[in-house]
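Colleague: Sequence and predicted structure are below.
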Amino acid sequence: MLDKIALALTIIGGINWGLIGIFQFDLVAWIFGGQGSIFSRIIYTLVALGAIWSISLLFKNDSSRELR
């Protein structure tokens, strides 16, 4: 379950960075009242923690992918 939450947070972060890169529009800041608001900072921190957790998924052995 934690893997799926981390993946969802990483996807949110990726979409937000894509919007910033393409349109110069920060969706998180727009929703929560600017980059400096406490709610935006919480979301940014959760996305960062999700991305850090997702690093472990690169090294996770998934038995469903193994050939039998």
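Modeller: Nice, thanks for sending it over. Numbers count the residues shown, from 1 in each chain.
Colleague: Now for Lys4, how many residues are close by?
Modeller: 8 (other C-beta atoms under 10 Å). For glycine as for every other residue, the C-beta is placed from the backbone atoms N, C-alpha and C.
Colleague: Packing partners of the helix or strand it falls within?
Modeller: Counting by DSSP states H and E, the element that carries Lys4 is helix 2-23. In terms of contacts (3 or more C-beta pairs under 8 Å, 6 or more residues apart in numbering; DSSP states H and E), helix 2-23 is packed against helix 27-32, helix 38-57.
Colleague: Check which residues of it are buried.
Modeller: Within helix 2-23, the residues scored as buried using 16 or more other C-beta atoms under 10 Å are 6, 9-10, 12-13, 16.
Colleague: Tell me the one among those nearest to Gln35.
Modeller: Asn16 (11.2 Å; C-beta to C-beta).
Colleague: ok, the closest one - contacts?
Modeller: Applying C-beta atoms under 8 Å, 6 or more residues apart in numbering, we find Asn16 in contact with 26-28, 47.
Colleague: May I see the residues you listed organised as TSV, with pLDDT, distance to Gly34 and neighbour count added?
Modeller: Formatted as TSV, the contacts of Asn16 follow (pLDDT from 0 to 100; distance: C-beta to C-beta, whole Å; neighbours: other C-beta atoms under 10 Å):
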residue	pLDDT	distance to Gly34	neighbour count
Asp26	97	9	17
Leu27	97	12	16
Val28	96	10	22
Val47	97	17	21
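Colleague: Return the member of the residues you listed nearest to Leu57.
Modeller: Val47 (15.4 Å).
Colleague: Could you check how far the closest one is from Asn61?
Modeller: According to C-beta to C-beta, to the nearest Å, Val47 and Asn61 sit 26 Å apart.
Colleague: Lovely, talk soon.
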